[in-house]
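# Please work out how this folds:
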Amino acid sequence: MTTNQVKVINFSGAYIDAKYVENVENYPIQNRTIAVNPEKNDAYLKKANVSIIPAFSSTILKDTTIEKAKSLLLLEVVETNNIGNIVFEPGWDLFGNFPDSDFPKNVQLWKSPQDEAGIIEVDPYFMARQSSAPSHQEKFCVKVNLWYAPSRTDCAIHNQHDFLEIHTQVFGQGRMQKFKVKSFESLYEDLLMTEGYTQIVPFCQVHENQQYTYPWHQYYSDTDCIWMAIEYHPQKKG
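Here you go, the predicted structure:
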């Protein structure tokens, strides 16, 4: 495979520039960029001291070079003034307007277009930390999209997904929350999400036959927030 194959993600625009880069070698980063490593392997920076981006995590980079990575999602926040206007870019809509959504239409939770970044091989049991080292490989289609919500928005307690998911905070501060039941009063875990942070371990438990169970969970915005959902959709076994 050719080195540094760049795909521009379809929600790139005036506010956020997003790319998916495969077979990364000596890739320069100039402006402040959130670098997300969606792989099971660590990524390496080209510095005298060893500096890595661990599997399924992220960091903020500037004026440096990524020495090696299988693939990376790179997000540069280009403009922050009036960043809420990102929801008027092509393909964005209120989550309540989506055909398969029963979310209230009067809640300002916005979703960008979704894009397929690429195909990745990971061990889902290792990703969910049900095993201590990767040993069982499966192919997943990685799909990504952005979300926007104004401050103090509850973004729907739910527990159904047929994929693995993690999230990256792009702008503002929010939380990934777990609940005992479908009730705000049953909150039992509050994972703070600040800019550049990725939720390293998905909330789910992995079962045989590509089945996943999730606790009741939601995203909550402390400030006006933009975050990225990274979904690992299993490729059906032939």
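# low pLDDT regions in this protein?
48, 237-238 (pLDDT under 70).
# To which secondary structure element type does Val107 belong?
coil (DSSP: H, G, I helix; E, B strand; the rest coil).
# Would you agree it is in contact with Gly96?
Yes - the pair Val107 / Gly96 is scored as a contact, 6.6 Å apart, by C-beta atoms under 8 Å. C-beta here means a position set from N, CA and C on the backbone, and glycine is covered the same way.
# just the helices in the protein please.
124-127 (DSSP state H).
# Which residue ranges make up each domain of it?
Using automatic domain parsing, the domain parsing of the chain gives 5-77, 83-234.
# Switch those domains over to CSV; also include mean neighbour count.
Below are the domains of the chain laid out as CSV (neighbours: other C-beta atoms under 10 Å):
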stretch, mean neighbour count
domain 5-77, 18
domain 83-234, 17
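# Quick check: chain neighbours aside, which residue is closest to Gln173?
Asp222 (4.7 Å; C-beta to C-beta, 6 or more residues apart in numbering).
# and what of Asp154?
Asp154 sits nearest to Tyr220 (C-beta to C-beta, 6+ apart), 5.9 Å away.
# OK, contacts around the one you found?
Tyr220 makes contact with 152-155, 174-175, 177 under the criterion C-beta atoms under 8 Å, 6 or more residues apart in numbering.
# And for Ser51?
Here Ser51 is in contact with 44-45 (C-beta under 8 Å, 6+ apart).
# I'd like to know the phi and psi angles of it, please.
Main-chain torsions, Ser51, degrees, to the nearest 10: phi -140, psi 120.
# how close does it sit to Leu45?
Distance, Ser51 to Leu45, by C-beta to C-beta, to the nearest Å: 4 Å.
# same deal with Ser183?
44 Å.
# cool, and Val144?
Val144 is 23 Å from Leu45, by C-beta to C-beta.
# got it, and Ser135?
27 Å.
# swap in Lys139?
From Lys139 to Leu45 the distance is 28 Å (C-beta to C-beta).
# Check Gln114 too.
29 Å.
# cool, Met193 as well?
23 Å.
# do the same with Lys182
42 Å.
# Then Ile86?
29 Å.
# and what of Ile230?
21 Å.
# now Glu185
44 Å.
# Same question for Phe88.
36 Å.
# same deal with Trp110?
Trp110 is 34 Å from Leu45, by C-beta to C-beta.
# Also Pro150?
Relative to Leu45, Pro150 is positioned 35 Å away (C-beta to C-beta).
# ditto for Pro202
Going from Pro202 to Leu45 by C-beta to C-beta gives 25 Å.
# For stretch 219-230, what is the distance to the chain centroid?
Mean-position distance between stretch 219-230 and its chain equals 10 Å (C-alpha atoms, centre = their mean, to the nearest Å).
# before we move on, what about stretch 124-133?
For stretch 124-133, the distance to the chain centre is 18 Å (C-alpha atoms, centre = their mean).
# try stretch 115-125
In terms of C-alpha atoms, centre = their mean, the centre of stretch 115-125 is found 12 Å from the chain centre.
# same question, stretch 160-179
For stretch 160-179 - counting by C-alpha atoms, centre = their mean - the centre lies 7 Å from the chain centre.
# cool, and stretch 96-114?
Worked out by C-alpha atoms, centre = their mean, stretch 96-114 lies 18 Å from the chain centre.
# And for that stretch, what's in contact with it?
10-11, 86-87, 89-95, 143-150, 153-156.
# and if we set it to 10 Å?
9-13, 16, 18, 84, 86-95, 143-150, 153-156, 158, 219, 221, 224, 226, 228-229, 231 (C-beta atoms under 10 Å, 6 or more residues apart in numbering).
# send the alpha carbons of stretch 192-210 over as PDB?
Extracted in PDB, the C-alpha atoms of stretch 192-210 (Å, rounded to 0.1, in the frame of the first residue of the first chain):
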ATOM      1  CA  LEU A 192     -15.200  13.700  31.500                       C
ATOM      2  CA  MET A 193     -14.500  14.500  27.900                       C
ATOM      3  CA  THR A 194     -12.200  17.400  27.200                       C
ATOM      4  CA  GLU A 195     -10.800  18.600  23.900                       C
ATOM      5  CA  GLY A 196      -8.500  16.000  22.300                       C
ATOM      6  CA  TYR A 197      -9.600  13.100  24.500                       C
ATOM      7  CA  THR A 198     -10.900   9.800  23.200                       C
ATOM      8  CA  GLN A 199     -12.900   7.400  25.300                       C
ATOM      9  CA  ILE A 200     -10.300   4.600  25.100                       C
ATOM     10  CA  VAL A 201     -12.600   1.600  26.100                       C
ATOM     11  CA  PRO A 202     -16.000   1.200  24.600                       C
ATOM     12  CA  PHE A 203     -18.800   0.800  27.100                       C
ATOM     13  CA  CYS A 204     -20.000  -2.600  25.700                       C
ATOM     14  CA  GLN A 205     -19.400  -6.200  26.500                       C
ATOM     15  CA  VAL A 206     -18.500  -8.400  23.500                       C
ATOM     16  CA  HIS A 207     -20.300 -11.700  22.900                       C
ATOM     17  CA  GLU A 208     -20.000 -14.500  20.300                       C
ATOM     18  CA  ASN A 209     -21.500 -14.000  16.800                       C
ATOM     19  CA  GLN A 210     -20.700 -10.300  16.700                       C
END
